[in-house]
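**Q** requesting a structural model of the entry that follows:
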Amino acid sequence: MRRQTADRIEKLAREILHTSGAYRIPVPIEPVLSSLDLKATPSSFTDDMSGLLLVENKRGAIGYNSSHASVRQRFTIAHEIGHYVLHVGTSQSRLFLDRYVVYRRDDKSSAGNDREETEANAFAAALLMPGQLLRREIAITNFDLDDDRALVDLSRLFKVSATAMSIRLSKLNLFR
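**A** Below you'll find the predicted structure:
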């Protein structure tokens, strides 16, 4: 599989959101899954296991940890969607197992050593926190980091964790 650029990942997430009719705040996951013919099912995993994607004959199934917080579940599902659209070839059968360590998934992806994990994280962030919608919301609310509630409120609006939101804002150079 080829390396994905940040711009390509952003564009692909935006296209999927528009195609599925999910381009709004907060991004609804179901229409995205439906548009890609993916199924997502809550599963009983150990606490360190976030989710998995199983692909066989171009059909994909996502399992996510039913005991995790809803914002973590949303990010996990979006991350697995990222693996599906970025890393699964047309005839491949693949299994992705993802262990949870705050947004970055594991030590390898947090250090940028696991390209596929890093790309799936970038895709999940772009899918759940689309840049244009995030910029618009920041302008509307006069987002101010000096306000202790601003990051929490923005995170709740997009239904993501404050950690995921702060990383996304940083990657988009939106901290002011």
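
**Q** residue ranges with poor pLDDT in this structure?
**A** 1-3, 89-113, 176 (pLDDT under 70).

**Q** one more pass at 50, please.
**A** The model of the chain has pLDDT under 50 over residues 1, 100-112.

**Q** pull the longest helix from it.
**A** Criterion DSSP state H: the longest helix present in the chain is helix 70-87.

**Q** and the gap between the residue nearest to residue 14 when sequence neighbours are not counted and residue 139?
**A** Take residue 14 and drop its neighbours on the chain: the residue closest to it by C-beta to C-beta, 6 or more residues apart in numbering is residue 130, 6.3 Å away. C-beta here means a position set from N, CA and C on the backbone, and glycine is covered the same way. As judged by C-beta to C-beta, to the nearest Å, residue 130 and residue 139 stand 14 Å apart.

**Q** more neighbours: those two, which one.
**A** Per other C-beta atoms under 10 Å, whichever of residue 130 and residue 139 has more neighbours is residue 130, with 23 against 9.

**Q** report the separation between the more buried one and residue 9.
**A** For residue 130, the distance to residue 9 - C-beta to C-beta - is 12 Å.

**Q** cool, residue 70 as well?
**A** For residue 70, the distance to residue 9 (C-beta to C-beta) stands at 24 Å.

**Q** that concludes my questions; thank you for your assistance.
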